[in-house]
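Visitor: Sharing a model prediction with you, sequence too.
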Amino acid sequence: MSKAWNHTRVAEKLGVVYPLIQGPLGGFPSQRLTAAVSNFGGLGSFGAHGLEPAVINERIAEIRSMTSKPFAMNLWVSMEDQGAHTSDDAAFQKALWHLAPHIKKVGGSAPNYSPYKGIRFEDQARALFDGGVPVFSFIYGVPPREILDEARRKGVITIGTATTPNEASALEQAGVDLVVASGFEAGGHRGSFLRSSEDSLTGTISLVPQTVDQVSIPVIAAGGIADTRGIAAAFALGAGGVQMGTVFLTCEESGAHPVHREAILSGKAKHTSLTRGFTGRLARGIQNELLETLNQPGVEILPYPLQRGLMRSLALPAQEARDAELLALWAGQSANLARCTNVEELLTTLVDSAAEKINRS
């Protein structure tokens, strides 16, 4: 007797009907999306890495008001790059010099330098525990032992992100419950932590089976998965679930700016590239004038999160001007497969066709 495609170790561990995880969209007001995915039977995720603990508590309360189902809050273990505290006004002005013409073009004002003031990962994590989140996902490393111990005591399921099989092993050895094997096709940031991001670029079709063979914990495939064909391929490679991000960006519930959603839906996402220019850390987005500027030789890029803060001075006026060429348009390599603008429509399409393509015995 065949086993239903959605009855996997991932679904069982997370307590969801479908092993479909919505990738956390850090920086977007995606509370509605998170709740909608969870209410459908998948796992909605909210990217909280840039938020103060008090704001995290507010977001958790908002999501809880919209769903009683499991959902994940996502954080970054590594909150800053080397040099963030010592970067000075001179470095700030060098980084601003390349952006200043773009800021002026969309009617923005040049920002002033201010010393870096960070947020502690440990404080954010404790806000999650205080809020009673069911699932705690994270990238850029392995949390301190005391954080993982507290998660186990409180019954919080943990999901780590690996960009190489060795990173997956490190997460398993630390006692993390599940691992996302994230191929370089994925949109957004590369969460590498054992080696540099540039040195850890492994494609999904190569990464997933190696990770499945290397660890005993359930593996979730991510990177370039945008439809049921991608889901079927991930399952064939041994994954027990998939994480998708870019396809959810086009949904109205994502909180992405309409210009961003339109850029993906209109076919402008045929060419995506990696850059450190958006935030200071390697990430993938749609090739446009801004990305080309940031990737030019000699352009000063501040350490994370200083570069991210600087880019806000351009992002807000560019959104007001609806200038798609001067926005950071996060997207993965399969962005052109994104079709849906409503989360329930997207998930219904995926689930209805999954049984036909995935044969699990």
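Guide: Great, that's in hand. Numbers count the residues shown, from 1 in each chain.
Visitor: how about the strands in the stretch 101-250 of the chain?
Guide: 135-139, 157-162, 178-182, 188-189, 219-222, 241-244 (DSSP state E, counting those that start in this stretch).
Visitor: would TSV of those strands with mean pLDDT and distance to L329 be doable?
Guide: (Each C-beta comes from the backbone N, C-alpha and C, glycine too.) Shown next, in TSV, are the strands of the stretch 101-250 of the chain (pLDDT from 0 to 100; distance: least, CB to CB, whole Å):
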stretch	mean pLDDT	distance to L329
strand 135-139	98	20
strand 157-162	98	22
strand 178-182	98	19
strand 188-189	96	11
strand 219-222	98	19
strand 241-244	98	17
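Visitor: Among these, which comes closest to Y18?
Guide: Proximity to Y18 (CB to CB) singles out strand 241-244 among these, at 8.5 Å.
Visitor: so how far is the closest one off the chain centroid?
Guide: Distance of strand 241-244 from its chain centroid, counting by CA atoms, centre = their mean, to the nearest Å, is 12 Å.
Visitor: Show me the contact partners of it.
Guide: 8, 10-11, 14, 19-23, 180, 182, 218-222, 225-226, 230-231, 234 (CB atoms under 8 Å, 6 or more residues apart in numbering).
Visitor: now with 7 Å?
Guide: In this structure, residues lying in contact with strand 241-244 by CB atoms under 7 Å, 6 or more residues apart in numbering are 8, 10-11, 19-23, 180, 220-222, 225-226, 231, 234.
Visitor: Which single one of the residues you listed is nearest to P134?
Guide: P134 has its nearest neighbour among the contacts of strand 241-244 in I21, at 12.9 Å by CB to CB.
Visitor: on that earlier part again, now render the strands of the stretch 101-250 of the chain as CSV, adding distance to R145 and mean neighbour count.
Guide: Output for the strands of the stretch 101-250 of the chain, formatted as CSV (distance: least, CB to CB, whole Å; neighbours: other CB atoms under 10 Å):
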stretch, distance to R145, mean neighbour count
strand 135-139, 14, 26
strand 157-162, 12, 27
strand 178-182, 17, 28
strand 188-189, 25, 24
strand 219-222, 23, 29
strand 241-244, 25, 28
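Visitor: Is it possible to get those out as a markdown table so that each row also shows distance to M311?
Guide: Formatted as a markdown table, these follow (distance: least, CB to CB, whole Å):
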| stretch | distance to M311 |
| --- | --- |
| strand 135-139 | 19 |
| strand 157-162 | 23 |
| strand 178-182 | 23 |
| strand 188-189 | 14 |
| strand 219-222 | 24 |
| strand 241-244 | 25 |
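Visitor: Let me know which of the ones you listed is the nearest to T202.
Guide: Judging these by CB to CB, what sits closest to T202 is strand 178-182, at 8.7 Å.
Visitor: Indicate each strand paired with that closest one and its parallel or antiparallel sense.
Guide: Sheet pairing for strand 178-182, assigned by DSSP bridges, gives strand 157-162 (parallel), strand 219-222 (parallel).
Visitor: Residues contacting the last one, please?
Guide: When contacts are taken as CB under 7 Å, 6+ apart, the neighbours of strand 219-222 outside the stretch itself are 10, 21, 23, 178-183, 186, 204, 208, 211-212, 234, 237-243.
Visitor: got it, and the longest one?
Guide: Contact partners of strand 157-162, identified using CB under 7 Å, 6+ apart, comprise 13-14, 72, 134-139, 142, 148, 151, 168, 171, 176-182, 191, 211.
Visitor: Equivalent analysis for stretch 3-12, please.
Guide: By CB under 7 Å, 6+ apart, the residues outside stretch 3-12 that reach it are 17-19, 178, 218, 220, 240-241, 354-355, 358, 360-361.
Visitor: I'd assumed T293 was in contact with H98.
Guide: Yes. H98 lies in contact with T293 (CB atoms under 7 Å); the separation is 6.1 Å.
Visitor: What ranges does the stretch 101-250 of the chain have for its helices?
Guide: 121-130, 145-154, 165-173, 204-214, 228-236, 246-249 (DSSP state H, counting those that start in this stretch).
Visitor: Please name whichever of those is nearest to G280.
Guide: helix 121-130 (16.7 Å).
Visitor: what packs against that closest one?
Guide: If contacts are counted by 3 or more CB pairs under 7 Å, 6 or more residues apart in numbering; DSSP states H and E, helix 121-130 sits against helix 53-64, strand 71-76, helix 145-154.
Visitor: Rebuild the ones you listed as JSON lines, extending it with distance to R276, mean neighbour count and mean pLDDT.
Guide: Listed next are these as JSON lines, based on distance: least, CB to CB, whole Å; neighbours: other CB atoms under 10 Å; pLDDT from 0 to 100:
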{"stretch": "helix 53-64", "distance to R276": "26", "mean neighbour count": "17", "mean pLDDT": "97"}
{"stretch": "strand 71-76", "distance to R276": "15", "mean neighbour count": "26", "mean pLDDT": "98"}
{"stretch": "helix 145-154", "distance to R276": "28", "mean neighbour count": "15", "mean pLDDT": "98"}
